[in-house]
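In: fold the following, please.
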Amino acid sequence: MATQLSVNINKIATLRNARGGNVPDPVQVAIDCERFGAAGITIHPRPDERHITTQDVYDLHKVVKTEFNIEGYPDRRFMDLIAELKPAQATLVPDPPNVLTSNAGWDTKKHLEELKDLIAELKSHGVRTAIFTGTDLVHIEYAALTGTDRIELYTGPYAEQFPQNPEKAIEPYINAAYLATDMGLELNAGHDLSLENLRFFKQNIPLLAEVSIGHALIADALYLGLENTIQRYTYLLRD
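Out: Numbering: from 1, shown residues only. Below you'll find the model as predicted:
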């Protein structure tokens, strides 16, 4: 199946916020990403607004024509934002607001009842749901019990191990993907995927619906240009 590229533009907002003003403009970058071939835009609006601000969320909602994916910790602020804007997808991550970046998946067994309620609330707004998980098979089994549409596999460990041993790095993700698919879950993936490791991941996880890539893609764009970079990533995701 074709795998969609969703560009996480948090780093664009980080750069803008470092100077103030509106350069670079996340809204214009989102429009350009879509024009250059991205199938979606991902943002993670944190309460401290250190990158994407609440105003950015509203501004982006007006212009994003592809899939709009809002990810975040499901506090009341986040849930109310999803209820109001109804993006195509909401991705629940377990990290509290002060964490630098998402670095672990949900313990879905421990948080099963909480996640059930959250997923039901999101679905009542017509929003597709995804839960950020690791490759622990028990956690994937319990993710399916929440009623979520998808899981997003946390690929940080894969990216870290890939240079030394790609086959070992991918093995738990293959097992996780087979189990998730058998349980009726669709698959997303994200975190530290790059031009170096993306193709191998895609080749071994053929039923991958979507990848969300931000940090590496924006860094590559500094050297290669945004249009060229997005086209390179989408090329790697072809079947």
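
In: contacts, neighbours, all on C-alpha from now
Out: Fine.

In: wait, doesn't Ala83 sit right on His125?
Out: Yes - between Ala83 and His125 there is a contact at 6.1 Å, judged by CA atoms under 8 Å.

In: residues in contact with Tyr233?
Out: Tyr233 makes contact with Leu5, Leu195, Leu198 under the criterion CA atoms under 8 Å, 6 or more residues apart in numbering.

In: next step: these restricted to helices.
Out: Leu198 (DSSP state H).

In: in the protein, which spans are helices?
Out: 10-19, 26-35, 54-63, 76-85, 112-123, 137-145, 156-161, 166-182, 198-204, 215-224, 226-236.

In: out of the contacts of Tyr233, which are buried?
Out: By neighbour count, with 16 or more other CA atoms under 10 Å, the contacts of Tyr233 hold Leu5, Leu198 as buried.

In: in the chain, where is pLDDT below threshold?
Out: 1, 96-103 (pLDDT under 70).

In: related to what we said a few turns ago, from the contacts of Tyr233, which single one is nearest Ala209?
Out: Leu5 (9.0 Å; CA to CA).

In: from Leu15, how far out is the closest one?
Out: For Leu5, the distance to Leu15 (CA to CA, to the nearest Å) stands at 22 Å.

In: just give me the residue right at the centre of this protein.
Out: For the chain, the residue nearest the mean C-alpha position is Ser212 (4.0 Å; CA atoms, centre = their mean).

In: who does it form a beta bridge with?
Out: Ser6, Gly190 (DSSP bridges).

In: who's in contact with it?
Out: Leu5, Ser6, Val7, Asn8, Thr42, Asn188, Ala189, Gly190, His191.

In: same check, this time on Gln89
Out: Gln89 touches Glu67, Phe68, Asn69, Ile70, Val127, Arg128, Thr129, Ala130, counting by CA under 8 Å, 6+ apart.
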